[in-house]
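In: the sequence and its predicted three-dimensional model are supplied below.
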Amino acid sequence: MSLDRPALTQAITKIAREAGDKILTIYQQDFDVKTKTDASPVTEADVEAEKIILQGLRALTPNIPVLAEESEAAGDVPDLSGGTFWLVDPLDGTKEFIHKRGEFTVNIALIEQGHPTMGVIHIPAKDTTYFAEGPGKVWRQDGDLKPFAIAARTAPTEGLTVVASRSHRTPETDDYIAKFKVAELISAGSSLKLCLLAEGKADLYPRFGRTMEWDIGAGQAILEAAGGTVETLDGVRLAYGKDGHDNPYFIAKGRP
């Protein structure tokens, strides 16, 4: 598909930041927590942020369908057979949001022919944004400061920095990590883990637990643009548009 990728990247970054502003407004107040049919929590912030993102994307690219977490949970599943679609998690890390830990993100990715090609991750509590336009074109922006390029690193010989889920750590994860020489182990929430790999602050993120496509798409776009990889346990690049939208277990790495 012929797209003005620089302009589109800037536009989705703006949309993500607008959604993040709404999330922060709710974060600073009392809010109710509900439980979805899959037993995961949802708040007003999830719903209101998704409304902002959907409105923005439909105005920006009316011919590209949008698969968004809360809409999908409500039964609104678009036709993705064209191969190009937006993938949205309006508030990744709802548990971190509920517990006021600040490690929650807004995620928007463009999927083309099964793989993420562009993406943005915004961290409202830190006013930090990561965004990727394509291979080698990936940046971090803090507040209104000038964005700066980031890149994944080659693992240092003295040992890996490994990131693992704060809320979803499993025995399989620990068994996998034990195979490596580890200098530091970091626990983090939401898609922040993929951002740490993309900016060269970590080397390995094994995920032996359930994730959905919208949890990972934007982070994969950013990490791959920075030179890293996200692969299944069989070494196959993680793909999108799967039935049910569940991901298999995967391993995310920095630069080979």
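Out: On my side now, so go ahead. Residues are numbered from 1 along each chain as shown.
In: can you give me the helices in the stretch 1-150 of the chain?
Out: Counting by DSSP state H, counting those that start in this stretch, the segments of the stretch 1-150 of the chain that form helices are 5-27, 44-60, 69-73, 94-98.
In: if you average pLDDT over each of the ones you listed, which is lowest?
Out: When those are compared on mean pLDDT, helix 94-98 scores lowest, with a mean of 85.
In: pull out the buried residues from that one.
Out: Neighbour-count burial for helix 94-98, counted by 16 or more other C-beta atoms under 10 Å, picks out 94, 95, 96, 97. Where C-beta positions appear, they are placed from N, C-alpha and C, glycine not excepted.
In: on that earlier part again, mind putting the helices of the stretch 1-150 of the chain in JSON lines, distance to residue 198 included?
Out: Output for those, formatted as JSON lines (distance: least, C-beta to C-beta, whole Å):
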{"stretch": "helix 5-27", "distance to residue 198": "15"}
{"stretch": "helix 44-60", "distance to residue 198": "21"}
{"stretch": "helix 69-73", "distance to residue 198": "22"}
{"stretch": "helix 94-98", "distance to residue 198": "19"}
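In: quick one: closest of the ones you listed to residue 224.
Out: helix 5-27 (14.6 Å; C-beta to C-beta).
In: using PDB, list the CA coordinates for the closest one.
Out: Provided in PDB are the C-alpha atoms of helix 5-27 (Å, rounded to 0.1, in the frame of the first residue of the first chain):
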ATOM      1  CA  ARG A   5       4.800   7.000   6.100                       C
ATOM      2  CA  PRO A   6       6.600  10.000   7.800                       C
ATOM      3  CA  ALA A   7       3.300  11.900   7.900                       C
ATOM      4  CA  LEU A   8       1.400   8.900   9.100                       C
ATOM      5  CA  THR A   9       3.900   8.200  11.900                       C
ATOM      6  CA  GLN A  10       3.600  11.700  13.100                       C
ATOM      7  CA  ALA A  11      -0.200  11.500  13.000                       C
ATOM      8  CA  ILE A  12      -0.500   8.300  15.000                       C
ATOM      9  CA  THR A  13       2.000   9.600  17.500                       C
ATOM     10  CA  LYS A  14      -0.300  12.600  18.000                       C
ATOM     11  CA  ILE A  15      -3.300  10.400  18.400                       C
ATOM     12  CA  ALA A  16      -1.500   8.200  21.000                       C
ATOM     13  CA  ARG A  17      -0.500  11.300  23.000                       C
ATOM     14  CA  GLU A  18      -4.100  12.600  23.000                       C
ATOM     15  CA  ALA A  19      -5.300   9.200  24.300                       C
ATOM     16  CA  GLY A  20      -2.600   9.300  26.900                       C
ATOM     17  CA  ASP A  21      -3.800  12.700  28.100                       C
ATOM     18  CA  LYS A  22      -7.300  11.300  28.600                       C
ATOM     19  CA  ILE A  23      -5.900   8.300  30.500                       C
ATOM     20  CA  LEU A  24      -3.900  10.500  32.800                       C
ATOM     21  CA  THR A  25      -7.000  12.600  33.700                       C
ATOM     22  CA  ILE A  26      -8.800   9.400  34.800                       C
ATOM     23  CA  TYR A  27      -5.600   8.100  36.500                       C
END
